[in-house]
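**Q** After the sequence you'll find the predicted model.
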Amino acid sequence: MPQHPTPGGRHELGQNFLVHLPTVERIVALVRETRGPILEIGAGDGALTRPLADLGREIRAIDIDARRVSRLRARLPGVRVDHADVLEVPLDAPVIVGNIPFHLTTPILRRLLSADGWRTAVLLTQWEVARKRAGVGGGTLLTAQTAPWFAFHLDQRVPAAAFRPRPNVDGGLLVIARRDRPLVPPSDRVRYASFVRRVFGARGRTLEQMYSAATGSTRRDAGRELGRAHVPGRLLPRDLGPEEWAALWRETNRDRAAPRRRPR
């Protein structure tokens, strides 16, 4: 058995280590614009940990690979490096940064977007995930459910050749910032998420039809509420931006506390 980790990541841990210096420099530059302690998830061999430590801020790095944690502790004695699972550790540092294991992207994002305490996340994810979360080519259910509280920005595409071992897909650099002023009150979050899910899952060929089915309103009422929210009824849920979803939520709740039933 080898006594040291082999080059690149371990397949069973979903590790694809970043070896592209320009991408490392870009991530560090984005983190430099933030303030406060840093939590790095998936530290690996420290490609990001070392330059992040040079920022002179408090940093905690975690990784699920105990062997690499031991090596990184020896290399960076001034940095707190913990053997921990990102799906279990509290995500409460002001700044979250990391090269996320591609096979865990969705559960990590869901956990992150439900956590309090952090302000900015700089994440290297699968390209398609980063693209969808940023709303490029149409929004997704998860993005629509969380966008009133978070702003998503697609910074750049990262080629598969930037990783070792090389994955089958490119990566994407995604920046998530918690909004200073939420578009929807935090107390509405559970009900709002349910509302968005109903609209996305409703039957219909247009937003007006789907909104009518999701809320139990008549087509006339649905069209009137969409109009007051300045949302074209011919669109689809994926076409709406955060401000439009928030406006539609306000209209939905203006005249009724619960979904209406269709008249029989």
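**A** Yes, it's here.
**Q** all helices of the stretch 51-200 of the chain, in order?
**A** 66-75, 105-113, 127-133, 141-146, 189-201 (DSSP state H, counting those that start in this stretch).
**Q** got those helices as JSON lines, with distance to residue 183 and mean neighbour count columns?
**A** Every C-beta, even on glycine, is put in place using the N, C-alpha and C of the backbone. Output for the helices of the stretch 51-200 of the chain, formatted as JSON lines (distance: least, CB to CB, whole Å; neighbours: other CB atoms under 10 Å):
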{"stretch": "helix 66-75", "distance to residue 183": "40", "mean neighbour count": "16"}
{"stretch": "helix 105-113", "distance to residue 183": "15", "mean neighbour count": "17"}
{"stretch": "helix 127-133", "distance to residue 183": "17", "mean neighbour count": "21"}
{"stretch": "helix 141-146", "distance to residue 183": "11", "mean neighbour count": "20"}
{"stretch": "helix 189-201", "distance to residue 183": "10", "mean neighbour count": "17"}
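**Q** So for residue 20, which of those helices sits nearest?
**A** Smallest distance to residue 20 across the helices of the stretch 51-200 of the chain (CB to CB): 13.9 Å, for helix 127-133.
**Q** Name the residues that touch that closest one?
**A** Contacts to helix 127-133, defined as CB atoms under 8 Å, 6 or more residues apart in numbering, come from residues 105-106, 109, 123, 125, 137-140, 142-143, 152, 154, 157-158, 169-174, 176.
**Q** Could you identify the buried members of those residues?
**A** Neighbour counting over the contacts of helix 127-133 (16 or more other CB atoms under 10 Å) leaves 105, 109, 123, 125, 139-140, 142-143, 152, 154, 158, 170-174, 176 as the buried ones.
**Q** Stretch 152-161: how far from the chain's middle?
**A** Counting by CA atoms, centre = their mean, to the nearest Å, stretch 152-161 is centred 13 Å from the centre of its parent chain.
**Q** Got phi/psi on the closest residue to residue 39 other than its chain neighbours?
**A** Excluding its sequence neighbours, the residue lying closest to residue 39 (CB to CB, 6 or more residues apart in numbering) is residue 93, at 3.6 Å. Main-chain dihedrals, residue 93, degrees, to the nearest 10: phi -80, psi 150.
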